[in-house]
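Chemist: Any chance you could fold what I've pasted below:
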Amino acid sequence: MSGTTPTPTPTPPAPLPPPPAARPARYDFLNSKPPPNYVAGLGRGATGFTTRSDIGPARAAPDLPDRSASAAGPAVGRGRGKPTGEDDGDDDGGDEEKGYDENQKFDEFEGNDAGLFSNADYDDDDREADAVWESIDQRMDSRRKDRREARLKQEIEKYRASNPKITEQFADLKRKLADLSAQEWESIPEIGDYSLRNKKKRFESFVPVPDTLLEKARQEQEHVTALDPKSRAAGGTETPWAQTPVTDLTAVGEGRGTVLSLKLDRLSDSVSGLTVVDPKGYLTDLKSMKITSDAEISDIKKARLLLKSVTQTNPKHPPGWIAAARLEEIAGKLQVARQLIQRGCEECPKNEDVWLEACRLASPDEAKAVIARGVMSIQNSVKLWLQAAKLESSDLNKSRVLRKGLEHIPDSVRLWKAVVELANEEDARLLLHRAVECCPLHVELWLALARLETYDQARKVLNKAREKLPKDPAIWITAAKLEEANGNAQSVNKVIERGIRSLQREGMDIDREAWLKEAEAAERAGSVLTCQSIVKNTIGIGVDDEDRKRTWVADAEECKKRGSIETARAIYAHALTVFLTKKSIWLKAAQLEKGHGTRESLDALLKKAVNYNPRAEVLWLMAAKEKWLAGDVPAARAILQEAYAAIPNSEEIWLAAFKLEFENNEPERARMLLAKARERGGTERVWMKSAIVERELGNVGEERRLLEEGLKLFPAFFKLWLMLGQMEDRLGNGAKAKEVFENGLKHCPSCIPLWLSLASLEEKISGLSKSRAVLTMARKKNPATPELWLAAIRAELRNGNKKEADALLAKALQECPTSGILWAAAIEMAPRPQRKGKSTDAIKRSDHDPHVIATVAKLFWLDRKVDKARSWLNRAVTLAPDVGDFWAFYYKFELQHGTVDTQKDVLKRCVAAEPKHGEKWQAISKAVENSHLPVEALLKKAVVVVDVEENANLAGA
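Modeler: Prediction:
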């Protein structure tokens, strides 16, 4: 064999001669223990060796016999051959199969080399080395894990893109199925069997019909007027089965008609011949007929047998009789059910449930007798007396029955309540006096008596009730309501305070949540002072000092959500007595008054707020705005002057004063205020407002001067660059405007409005190519910006490049997959049949963006689905109430399809929302001629702009 060195066969040493008897110590080493790591024959090279070619199914060299009789294991280098001393069964010393074990196991890690180290000891050094290598493997695997998972994910996506599922390939076709009408669906032809097996022409044979078959068919269709002899023998009432033609369908139909006529005749009046069938009642009877299946009948029989066993083995068990009677009732055997329940009453005369069931099953005439026997058997059963009262028709008889029951059960609260409800006011008062004597521990009776008594008597009744029930808080709350109803406002708080102290002395735990619920109940009952007293005395119980503010504000908000306005107002009032300088609580209370109070209450609250918080700008501004909205401009001006005296360097107050003067057509006052603000070192907003005033007054030179000075001070404020560029563009200085925009972008490279303004100017001056370059540069400097992508798409559409616009839209959706404005544009640009599927994808990807929802609403609008369109437009304005474009679409929709009420509602909601944003809305609201128009007028102008734009789109399409 090439490449393999044969293993030399070791030559065993010659047998030693017997030692001389004179020197036995010379051969003692043969019986002694060999030294460590000793291998016989190693010195003279008489051991086997293994080469590289033997790795694989290697065959270890045969082991040399161990001369040591005490060797415990195989020597080093033996491998996994046969154990020493095992008989080979073959004396041929040149056989290569000696010492090779075919059943040796192949080690997964070491291969067949495992045999070289199989008998070595696995010590701590080996264990430490394996742990080190394992940690290295884990570290290397964790370093490659992210790249490996990313590569695997990319391969899976690539495979799915190249091998789409059948459901994905036909998804658009499935969506189109929703548009099919019923007629189109029915017109789809049925698929036939076009297999070759059915296309083969079969041999058809035609045989003439025998005359006997034709004659038999003719006889079956004949109408015979004579009776058969066998029928005459039976009196003409029986038809021999062999004579009945089974193939005459006409006769079968006539027979059904005959049977129906017999049934109707049976229902007719035999005297007058007129029908007594009520058509409606007849149909009702047919519907109420219960068709019992065989399975139900079998179940009823089994249940009847079981219940019969129950009643026979234990006749004193009431539920068994009740169940048996109800089973028969279900089976339709009402008489049997009555008999069974009657036997149950005889066997169990002291069980009220049996008597109640007997009364229910009995006829109306017998029910009173049954219940009378029942109350005679069980005279202290409240249920039986109440049932007996129900069976009576007049209130007088019911009252007599209940009073008879009270003679036997004087401590029954239910009977007392029932008899009081039937009595008039005077009788009820007398009855309640007797009731509280018989049932002194029921607070409801005491409270009912107090409500019927006069003020003085009611106080006495409540005092007695408090003596009987010292731990019931309802008595104290009723006493407070009584004082409030009689005009004793000062006594209300005293009563609640005394009540809480008394309950605490009695060991009662004051539950704050329960008392707040009582306060809300008092508010609903109209007892506002009682509600306020309860809140004042219980709101702080069980609340830590550091948690008071948070807990009280949360309680007030919860009460506000539940509609308990007075309770929330009382909570805020108490909180403000503790936290006088907390601005947030004052604001919450002011918002509550603004939404649910009067102007006077709001003004009073804000006056107190600014007195306790003179440094709170927002409170001053809110007070001034409320005065302004009320039409009292001088009062608003006075409040702002007080605010400026309290906070002299507040820019917010300066700007609020400017807005007040500017909106009320006082430009000179506004100009003076802004000049003072600029002198005192105003911020960029002051310079911007100053330029707006000059723009409205038409002072172009002054406007330019203010903008340029402002830009020297605040070069990073993009609005000043934008206003200056727009001013130059408005004056026709295109080159100058372009220079301004470019300078602005040097200072504000991430300002999207500046990029859009420059691109629009370039398109107007130099054409599409220059605008496209500007937008491309903007997208490189501001990646993942949907507004820039949308501007580029619209620019291509304006110039008729539909394919280029579609390509840009696809790239835009890849870079901004969740942008609502891009998905809305995709829906509008899609062909009409594909818009539905595109809308579904857009809603899923954009997470219900309001722009997408508004676009879908417009699709419903075009399809004349009015209700859906209204619902989706309402969702859009609810999600984004600050976008005026959505309000314009909504209002236009209501003008076309709504009523006057819905139009007014949309207009009112829009005015309350005060929208500030929106592509069309901002262009209208920021125009110089519209600067002082109210929201209502701006909305109507926006509707006109939307209408013009839609007409232009329809004309272009």
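Chemist: next structured bit after the lengthiest helix in the chain?
Modeler: Longest helix in the chain, counting residues (DSSP state H): helix 124-162. Going down the chain from helix 124-162, the next helix or strand is helix 166-169, by DSSP states H and E.
Chemist: Report the distance from that next one to the chain centre.
Modeler: Offset of helix 166-169 from its chain centre (Cα atoms, centre = their mean, to the nearest Å): 30 Å.
Chemist: now stretch 656-676
Modeler: 49 Å.
Chemist: average pLDDT across that stretch?
Modeler: Averaging pLDDT along stretch 656-676 gives 79.
Chemist: Please apply the same query to stretch 356-363.
Modeler: 87.
Chemist: List the buried residues of it.
Modeler: Buried residues in stretch 356-363, counted by 16 or more other Cβ atoms under 10 Å: 356, 357, 358, 359, 361, 362. Quick note: C-beta positions are derived from backbone N, CA and C, even for glycine.
Chemist: just checking, what packs against the host helix or strand of residue 320?
Modeler: Per DSSP H and E, residue 320 falls inside helix 318-330. In this structure, helix 318-330 makes packing contacts with helix 294-313, helix 334-347, helix 352-361, judged by 3 or more Cβ pairs under 8 Å, 6 or more residues apart in numbering; DSSP states H and E.
Chemist: The second one versus helix 352-361: what angle between them?
Modeler: I take that to be helix 334-347. Between the axes of helix 334-347 and helix 352-361, defined by axes from the mean of the first three to the mean of the last three Cα atoms, to 10 degrees, the angle is 150 degrees.
Chemist: other SSEs contacting helix 334-347?
Modeler: helix 294-313, helix 318-330, helix 352-361, helix 364-377.
Chemist: 6 Å - rerun?
Modeler: Packing contacts for helix 334-347, counted by 3 or more Cβ pairs under 6 Å, 6 or more residues apart in numbering; DSSP states H and E, involve helix 318-330, helix 352-361.
Chemist: Identify each buried residue in it, please.
Modeler: In helix 334-347, counting by 16+ other Cβ under 10 Å, buried: 336, 337, 338, 340, 341, 342, 343, 344, 345, 347.
Chemist: avg pLDDT for it?
Modeler: Averaged across helix 334-347, pLDDT comes to 88.
Chemist: rewinding a little: got the helices and strands packed on helix 318-330 as CSV, with distance to residue 144 columns?
Modeler: Shown next, in CSV, are these (distance: least, Cβ to Cβ, whole Å):
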stretch, distance to residue 144
helix 294-313, 66
helix 334-347, 81
helix 352-361, 77
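Chemist: To residue 838, which of the ones you listed lies closest?
Modeler: helix 294-313 (53.5 Å; Cβ to Cβ).
Chemist: So which bits of the closest one are buried?
Modeler: Result for helix 294-313 [16+ other Cβ under 10 Å]: buried residues 300, 304, 307, 310, 311.
Chemist: With stretch 673-680 instead?
Modeler: For stretch 673-680, by 16+ other Cβ under 10 Å, it's 673, 674, 677, 678.
Chemist: Show me what the helix or strand where the third one lies is packed against.
Modeler: Counting by DSSP H and E, the element that carries residue 677 is helix 667-679. Here helix 667-679 is seen to pack against helix 651-663, helix 684-697 when contacts are counted using 3+ Cβ pairs under 6 Å, 6+ apart.
Chemist: okay, the ones you listed in JSON lines with distance to residue 878 next?
Modeler: Output for the helices and strands packed on helix 667-679, formatted as JSON lines (distance: least, Cβ to Cβ, whole Å):
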{"stretch": "helix 651-663", "distance to residue 878": "28"}
{"stretch": "helix 684-697", "distance to residue 878": "31"}
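Chemist: right, so of those helices, which gets closest to residue 887?
Modeler: When those are ranked by proximity to residue 887, the top entry is helix 651-663, at 20.8 Å, counting by Cβ to Cβ.
Chemist: okay, the angle between the closest one and helix 667-679?
Modeler: Angle, helix 651-663 to helix 667-679, by the same axes, to 10 degrees: 160 degrees.
Chemist: by how many degrees do helix 651-663 and helix 684-697 diverge?
Modeler: Using the same axes, to 10 degrees: helix 651-663 against helix 684-697 is 10 degrees.
Chemist: Any buried residues in helix 651-663, and which?
Modeler: For helix 651-663, the neighbour count (16+ other Cβ under 10 Å) marks 651, 653, 654, 655, 656, 657, 658, 659, 660, 661, 662 as buried.
Chemist: and for that helix, what are the contacting residues?
Modeler: By Cβ atoms under 6 Å, 6 or more residues apart in numbering, the residues outside helix 651-663 that reach it are 617, 621, 636, 640, 643, 644, 669, 670, 673, 674, 677, 689.
Chemist: From the rest of the structure, what touches stretch 381-397?
Modeler: 352, 355, 359, 367-368, 371, 374-375, 398, 401-402, 405, 412, 414, 422.
Chemist: Endpoints of that stretch, how far apart?
Modeler: End-to-end distance for stretch 381-397: 19 Å, by Cα to Cα, to the nearest Å.
Chemist: Now that stretch: buried residues?
Modeler: For stretch 381-397, by 16+ other Cβ under 10 Å, it's 381, 382, 384, 385, 386, 387, 388, 389, 391.
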